[in-house]
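**Q** Need a 3D model of the sequence below.
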Amino acid sequence: MHKDKSEIRKKVKARIRLRVRAKLRGTADRPRVFVFKSNRYVYAQAVNDENGTVIVSACTLEKALRDRMKNPKNKEACENLGQVLAERLKEKRIECIVFDRGTHPYHGRVKALADSLRKAGLAF
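**A** As a prediction, the model looks like this:
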């Protein structure tokens, strides 16, 4: 009779994801930067939705980022992640992006990541 809470949470997150994605679309010139947070790490990818390909990705799990920080899931780690992702995007000559927060609210670590992308010179 009662539904499992995890099943309800999955449905709610899927509905939020569809609502956010209906408004955002990534292209080759202006890719969609998608943020995923697990309990341990933060992942970010630049996606071209026309082809369904990942252009650039970065994660706090990478060795280049682990050397810079102590904790891989705080705001400082997300700021470092944003800097690394911005450098990789600029190597591909991408200056404008579309930011996709996914199902996560725009505050805390997600906001720190977005602010560091802006600080690095990306427009969105």
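**Q** which residues in this protein form strands?
**A** Taking DSSP state E to define them, one finds strands in the chain at 32-37, 42-48, 53-59, 98-100.
**Q** Would you reformat these as TSV and include mean neighbour count and distance to residue 77?
**A** All C-beta atoms are positioned from the backbone trio N, CA, C, and that covers glycine. Output for the strands of the chain, formatted as TSV (neighbours: other C-beta atoms under 10 Å; distance: least, C-beta to C-beta, whole Å):
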stretch	mean neighbour count	distance to residue 77
strand 32-37	21	11
strand 42-48	21	7
strand 53-59	17	10
strand 98-100	20	18
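**Q** Tell me what residue 53 is bridged to.
**A** Beta bridges link residue 53 to residue 48, judged by DSSP bridges.
**Q** Export the strands of the chain as JSON lines, with columns for mean pLDDT.
**A** Shown next, in JSON lines, are these (pLDDT from 0 to 100):
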{"stretch": "strand 32-37", "mean pLDDT": "94"}
{"stretch": "strand 42-48", "mean pLDDT": "96"}
{"stretch": "strand 53-59", "mean pLDDT": "96"}
{"stretch": "strand 98-100", "mean pLDDT": "95"}
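**Q** In CSV: these, plus distance to residue 121.
**A** As requested, the strands of the chain are exported to CSV (distance: least, C-beta to C-beta, whole Å):
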stretch, distance to residue 121
strand 32-37, 14
strand 42-48, 15
strand 53-59, 15
strand 98-100, 14
